[in-house]
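J.: just coords:
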Ligand code: UD1
Ligand code: CA
């Protein structure tokens with residue numbers, strides 16, 4: 001029978017101490033709620049109902065594109081009360097119903113499937129997924145008797161003895177329809193928080209002499225609920241560790257995996273080496289045999305094979321062809337395209353520009369809104385003056401051009417093939433192919449002046 005899933009995400013997440021609803025906090029660059037919804041998709045549920053409340057519109061906007069029906073819980077009066085708001089939405093579905101929380105982002109689809117399978121096999125009124133974390137603090141505890149699970153006690157309601165129970169409620173359950181509907185009516189709010197607890201359905205099942213089943217989740221990390229920023233940082237580490245292990249298995253070297261961040265959408269080729277403190281964000285791809293040195297951040301960019309990114313570069317929305325080299329301390333801004341074997345060196349900024357095959361800008365340059373041909377040399381301190389205070393203008397540098405150090409190319413301007421721009425030139429007109437462009441104040445050398453000054457200074461002192 002096809003599952004119907006209810007996801008609870010109406011709470012505000014007080015313990016996050018945030019102006020933003022808890023489920024919108026980012027884990028590995030993605031809102032918590034989307035991690036949960038992504039884990040659900042492979043189960044192919046008949047229907048997914050999402051319970052929203054606190055800042056519902058904001059949460060809604062990040063779940064656009066997911067096949068969910070949203071229901072509202074105007075006042076957050078507990079997890080049991082939250083499920084009650086979904087009753088109408090699920091009324092035509094036959095069940096079983098899986099309930100989970102929007103704050104357990106590490107869950108794997110297979111784990112959810114094994115819960116659904118166990119529930120189908122047991123024929124219980126309710127099957128709860130439990131876990132054995134090293135530290136059970138904060139979770140509801142599973143109280144077992146000789147006949148199995150008796151009830152769940154929340155941390156705030158637990159006795160000292162109950163607090164010692166290590167088996168906890170993951171907040172994930174499967175319910176038989178008839179039982180769920182009747183149990184929701186039976187939950188009371190006589191507890192430390194004055195809330196209607198969904199876990200109380202377990203005791204209600206026992207009271208009604210119905211079977212309760214429990215499935216232990218092997219990996220307690222997976223069931224981790226995010227309640228605070230500390231939980232969030234731990235989840236981030238766990239998630240990153242998993243991903244990093246996967247990439248190492250695929251043939252990528254991570255010199256210090258604990259400090260490397262790789263986004264979900266990133267792709268990395270074999271024999272690529274990532275040094276400590278590297279971040280690959282968004283849809284970034286690295287080909288085979290690339291080297292990314294410490295402190296570099298690559299965002300939404302595509303690199304070919306054998307690319308070298310030296311230390312401390314920021315690379316955004318750029319494309320880098322095979323064997324090109326960037327950095328150290330370079331900034332590639334959106335729209336940068338580097339040709340094969342090209343080199344962008346230290347303290348060079350490139351924006352919305354194409355750099356041709358084998359061309360180099362090795363030191364202290366700004367290249368913006370430019371098209372640079374092949375085998376061009378851009379000297380130290382060269383600047384494309386692309387902005388006149390009103391508009392951006394293009395600079396075109398054709399193949400084989402040599403731009404001497406400290407030249408300013410005042411756009412719009414075109415430097416013809418194989419032309420030579422002398423050091424320090426201010427180029428305000430197009431330069432024809434093979435020409436020399438030089439703009440130089442005549443040099444005046446006055447013999448002996450420096451010597452005289454030095455002697456005067458010594459006399460005074
Ligand atoms: C809950 C369980 C606890 C379990 C833990 C697992 C209850 C009473 N306790 O505790 O047994 O060990 O999860 O992580 O269920 N929510 C609503 N409406 C509400 C209250 C909560 O939609 O009125 C949503 C929240 O947005 C959240 C989820 O339900 O996504 C869980 O709520 P939370 O307050 O985090 O419950 P815990 O104290 O973690
Ligand atoms: Ca929680």
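T.: Cool, the structure landed. Just so it is clear, the model here is predicted, and its values are computed rather than measured. Ligands and ions are numbered 1, 2, ... in the order given.

J.: Only C-alpha atoms from now on, for both contacts and neighbour counts.
T.: Noted.

J.: residues in the stretch 101-250 of the chain within reach of ligand 1, list them.
T.: 101-103, 139-140, 154, 168-171, 197-199, 225, 227 (Cα under 6 Å from any ligand atom).

J.: Which secondary structure elements does the biggest strand by length in the chain sit against?
T.: In the chain, assigned by DSSP state E, the strand with the most residues is strand 168-175. On a contact count with 3 or more Cα pairs under 8 Å, 6 or more residues apart in numbering; DSSP states H and E, strand 168-175 meets strand 97-101, helix 109-122, strand 126-131, strand 141-145.

J.: If we ignore the residues flanking it in sequence, what's nearest residue 87?
T.: Closest residue to residue 87 apart from its sequence neighbours, by Cα to Cα, 6 or more residues apart in numbering: residue 181 at 7.5 Å.

J.: Quick check on the one you found: phi, psi?
T.: phi -60, psi -40 (degrees, to the nearest 10).

J.: Relative to ligand 1, how far out is residue 345?
T.: Going from residue 345 to ligand 1 by Cα to the nearest ligand atom, to the nearest Å gives 48 Å.

J.: give me every residue that touches residue 361.
T.: Residue 361 sits next to 343-345, 348, 377-380 when contact means Cα atoms under 8 Å, 6 or more residues apart in numbering.

J.: so what's it scoring on pLDDT?
T.: With respect to pLDDT, residue 361 scores 98.

J.: A strand includes it, no?
T.: Yes. Assessed with DSSP: H, G, I helix; E, B strand; the rest coil, residue 361 lies in a strand.

J.: Which strand residues bridge it?
T.: Note on residue 361: beta-bridge partners residue 344, residue 378, judged by DSSP bridges.

J.: Assess the claim that residue 80 and residue 202 are in contact.
T.: No. Shown here, residue 80 and residue 202 do not form a contact pair, counting by Cα atoms under 8 Å, at 11.6 Å.

J.: element containing residue 184, please.
T.: If you go by DSSP states H and E, residue 184 is part of helix 177-186.

J.: Find out how far that helix is from the centre of the chain, if you would.
T.: Here helix 177-186 shows a centroid-to-chain-centroid distance of 39 Å under the convention Cα atoms, centre = their mean, to the nearest Å.

J.: average pLDDT across it?
T.: For helix 177-186, mean pLDDT is 96.

J.: do you know how far the nearest residue to residue 25 once chain neighbours are set aside is from residue 62?
T.: Distances taken as Cα to Cα, 6+ apart place residue 31 nearest to residue 25, at 5.3 Å, with adjacent residues excluded. Per Cα to Cα, to the nearest Å, residue 31 is found 8 Å from residue 62.

J.: which of the two has more neighbours?
T.: residue 31 (20 against 15; other Cα atoms under 10 Å).

J.: need the contact list for the more buried one.
T.: 23-25, 62.

J.: Looking at those, spot the one nearest ligand 1.
T.: Checking the contacts of residue 31 against ligand 1 by Cα to the nearest ligand atom gives residue 23 as the nearest, at 7.0 Å.

J.: so that closest one makes contact with residue 103?
T.: Yes. Contact criterion Cα under 8 Å: residue 23 and residue 103 qualify, at 6.0 Å.

J.: Touching both of those two, which residues are there?
T.: Common neighbours of residue 23 and residue 103 (criterion: Cα under 8 Å, 6+ apart): 9, 32-33.

J.: So which of these are in strands?
T.: Assigned to strands by DSSP E, the following of those qualify: residue 9.

J.: Restrict the shared contacts of residue 23 and residue 103 to those that also contact ligand 1, please.
T.: Applying Cα under 6 Å from any ligand atom to the shared contacts of residue 23 and residue 103, those adjacent to ligand 1 are residue 9.

J.: filter the shared contacts of residue 23 and residue 103 to the buried ones?
T.: Buried members of these, scored by 16 or more other Cα atoms under 10 Å, are 9, 32-33.

J.: hmm, back to that, for the helix holding residue 184, list every residue counted as buried.
T.: Residues 177, 179-180, 183-184 are the ones in helix 177-186 that count as buried (16+ other Cα under 10 Å).

J.: counting contacts, what elements does it pack onto?
T.: helix 79-84, helix 200-207.

J.: Quick one: neighbours of the residue nearest to residue 101 when sequence neighbours are not counted, just the number.
T.: Leaving aside its sequence neighbours, residue 101 sits nearest to residue 8 (Cα to Cα, 6+ apart; 4.7 Å). Residue 8 has 26 neighbours, counted by other Cα under 10 Å.

J.: Same check on residue 46?
T.: Residue 46 has 13 neighbours, counted by other Cα under 10 Å.

J.: Can you name the residue of the stretch 201-350 of the chain nearest ligand 1?
T.: The nearest approach of the stretch 201-350 of the chain to ligand 1 comes at residue 225, 4.1 Å away (Cα to the nearest ligand atom).

J.: Any figure for the gap between that residue and residue 22?
T.: In this view, residue 225 and residue 22 are 11 Å apart by Cα to Cα.

J.: In CSV, list the contacts of residue 361 along with distance to residue 111.
T.: Output for those, formatted as CSV (distance: Cα to Cα, whole Å):
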residue, distance to residue 111
343, 48
344, 47
345, 48
348, 49
377, 57
378, 56
379, 58
380, 57
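
J.: Rebuild the residues you listed as CSV, extending it with pLDDT and neighbour count.
T.: As requested, these are exported to CSV (pLDDT from 0 to 100; neighbours: other Cα atoms under 10 Å):
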residue, pLDDT, neighbour count
343, 98, 23
344, 98, 28
345, 98, 23
348, 98, 25
377, 98, 22
378, 98, 28
379, 98, 22
380, 98, 22
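
J.: So which residues of the chain form helices?
T.: With DSSP state H as the criterion, the chain has helices at 32-40, 56-62, 79-84, 87-90, 109-122, 160-163, 177-186, 200-207, 229-249, 449-460.

J.: Can you spell out which helices and strands pack onto the fifth one?
T.: Contacts of helix 109-122 with other secondary structure elements, assessed using 3+ Cα pairs under 8 Å, 6+ apart, are made with helix 32-40, strand 126-131, strand 168-175, strand 212-216.

J.: Would you mind listing the buried residues in it?
T.: 109, 111-112, 115-116, 118-120.

J.: now do stretch 2-18
T.: With burial defined by 16+ other Cα under 10 Å, the residues of stretch 2-18 counted as buried are 3-13, 16.

J.: just to revisit the earlier point, make CSV from the buried residues of helix 177-186 and add distance to residue 325 to it.
T.: CSV is the format used below for the buried residues of helix 177-186 (distance: Cα to Cα, whole Å):
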residue, distance to residue 325
177, 61
179, 64
180, 61
183, 64
184, 63
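
J.: Which members of the residues you listed are the farthest-apart pair?
T.: 177 and 184 (10.8 Å; Cα to Cα).
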